[in-house]
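A.B. asks: model this:
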Amino acid sequence: MDLKINGKTAVITGGDSGMGLATAKLLASEGVNIILSDKTDKELQKAAEEVREFAIKENKVIAVTADVTKNEEVLQLAARAKEEFGGVNMLVHCAGIRGAAGDFLSLSDEDWYKSIDVDLMGAVRVCRAFIPQMQEKGRGRIVLIASENALQPYQEESPYNACKAGIINLTKCLSRAYSKEGLMINCVSPAYVATPMTEEMMVQLANKRGTSKDKAIEWFLENKRPHIAVDRRGQAEEVASVIAFLCSERASYVNGSNYRVDGGSVESAFG
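C.D. replies: Now for the predicted structure:
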């Protein structure tokens with residue numbers, strides 16, 4: 001399917017791995033210029049090289065380090081986009097952390113502030129920086145990453161749950177504010193997807209249980225994510241396909257929506 005986005009420009013945060021990297025590769029293969037961003041330069045440059053293998057014709061892939069908890073770095077990222085491409089048409093915000101987890105009473109203010117700073121305020125900062133560029137162009141696509149946790153919260157991940165619920169609400173708020181200016185703003189809620197974040201979780205679980213990572217994954221699916229109907233972890237590319245659609249002209253009547261890419265994990269029909 002032609003997504004009709006050849007020649008457009010996208011900035012992708014959290015782009016050096018996981019869903020961000022998979023999305024960058026897919027959009028590059030559709031002829032999109034890519035601004036790949038993450039915190040660590042070495043990993044980011046390696047990821048950019050991978051994405052360049054998918055780029056077509058004269059389309060460009062550039063890597064720009066930025067920490068979404070630092071507003072000045074986000075503004076520098078936006079300035080670079082303006083300098084290189086005259087602004088962006090798409091923003092895909094994948095940067096995020098699991099943050100502190102455990103019993104609610106054991107979590108400190110600092111635990112909460114760190115999750116909020118990255119997972120919620122990070123989205124606020126990048127949207128605030130890039131919406132003006134889309135307004136100038138009269139067209140834009142923003143895709144934020146929420147989570148199944150926003151709809152089906154897990155008791156040991158209360159900061160993450162709350163921040164991701166905030167992402168869904170922020171998405172709806174922004175979509176109502178800017179759709180008349182040509183901006184379509186949506187979010188995607190993945191479930192248990194194979195990314196560096198969940199890999200780290202599984203290594204920690206394997207060490208805690210004294211077992212292999214594969215056995216830890218099996219245990220986690222059976223005991224912690226029993227509602228995943230397909231009974232496996234998702235792949236980053238499966239989420240990227242939905243993100244790419246939402247960035248495309250094919251999604252011209254999709255606005256303020258939350259797309260669950262969860263293998264059936266959310267138990268409720270109306271979540």
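
A.B. asks: State which strand of the protein is the longest.
C.D. replies: Longest strand in the chain, counting residues (DSSP state E): strand 183-190.

A.B. asks: any idea how far it is from the chain center?
C.D. replies: 9 Å (C-alpha atoms, centre = their mean, to the nearest Å).

A.B. asks: Which elements pack onto that strand?
C.D. replies: Judged by 3 or more C-beta pairs under 8 Å, 6 or more residues apart in numbering; DSSP states H and E, the packing partners of strand 183-190 are helix 121-137, strand 140-145, helix 158-178, helix 236-247, strand 258-261. C-betas here are computed from N, CA, C, even on glycine.

A.B. asks: and among the ones you listed, the most buried is which?
C.D. replies: Neighbour counts (mean count of other C-beta atoms under 10 Å) averaged over each of these peak at strand 140-145, with a mean of 26.

A.B. asks: by how many degrees do it and helix 158-178 diverge?
C.D. replies: 160 degrees (axes from the mean of the first three to the mean of the last three C-alpha atoms, to 10 degrees).

A.B. asks: ok, strand 140-145: who's next to it in the sheet?
C.D. replies: Counting by DSSP bridges, the strands paired with strand 140-145 are strand 90-93 (parallel), strand 183-190 (parallel).

A.B. asks: related to what we said a few turns ago, closest one to Val32 among the helices and strands packed on strand 183-190?
C.D. replies: Closest to Val32 of the helices and strands packed on strand 183-190 is helix 236-247 (C-beta to C-beta; 7.9 Å).

A.B. asks: Can you give the distance from the closest one to the centre of its chain?
C.D. replies: Between the centre of helix 236-247 and the centre of its chain there are 10 Å (C-alpha atoms, centre = their mean).

A.B. asks: Could you dump the strands paired with strand 140-145 into JSON lines and include distance to Val239, mean neighbour count and mean pLDDT?
C.D. replies: Shown next, in JSON lines, are those (distance: least, C-beta to C-beta, whole Å; neighbours: other C-beta atoms under 10 Å; pLDDT from 0 to 100):
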{"stretch": "strand 90-93", "distance to Val239": "11", "mean neighbour count": "28", "mean pLDDT": "98"}
{"stretch": "strand 183-190", "distance to Val239": "5", "mean neighbour count": "26", "mean pLDDT": "98"}
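
A.B. asks: if we can go back for a sec, could I get the CA-only coordinates of the longest strand of the chain as CSV?
C.D. replies: Written as CSV, here are the backbone C-alpha positions of strand 183-190 (Å, rounded to 0.1, in the frame of the first residue of the first chain):
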residue,chain,number,x,y,z
LEU,A,183,-2.8,18.1,12.5
MET,A,184,-4.0,14.5,13.1
ILE,A,185,-2.8,13.4,16.6
ASN,A,186,-3.2,9.8,17.8
CYS,A,187,-1.5,7.4,20.1
VAL,A,188,-0.7,3.7,20.1
SER,A,189,-0.9,1.4,23.1
PRO,A,190,1.4,-1.6,22.8
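
A.B. asks: how close does Met120 sit to Ala162?
C.D. replies: Wrong residue type there; residue 120 is Leu, not Met. Using C-beta to C-beta, to the nearest Å, Leu120 is found at 8 Å from Ala162.

A.B. asks: oh, I was asking about Lys25
C.D. replies: 31 Å.

A.B. asks: just for this protein, where's the confidence low?
C.D. replies: Low-confidence segments of the chain (pLDDT under 70): none present.

A.B. asks: repeat that with 90
C.D. replies: By pLDDT under 90, the low-scoring segments of the chain are 1-2, 57-58, 192, 194-208, 210, 213-227, 231, 234, 266-271.

A.B. asks: Of all the helices and strands packed on strand 183-190, which one is nearest Met1?
C.D. replies: With C-beta to C-beta, the closest approach to Met1 among those belongs to helix 236-247: 8.6 Å.

A.B. asks: quick one: the closest one to strand 140-145, angle?
C.D. replies: Orientation check (the same axes, to 10 degrees): helix 236-247 against strand 140-145 gives 150 degrees.

A.B. asks: hang on, Ser268 in a strand?
C.D. replies: No - counting by DSSP: H, G, I helix; E, B strand; the rest coil, Ser268 is located in no strand; its state is coil.
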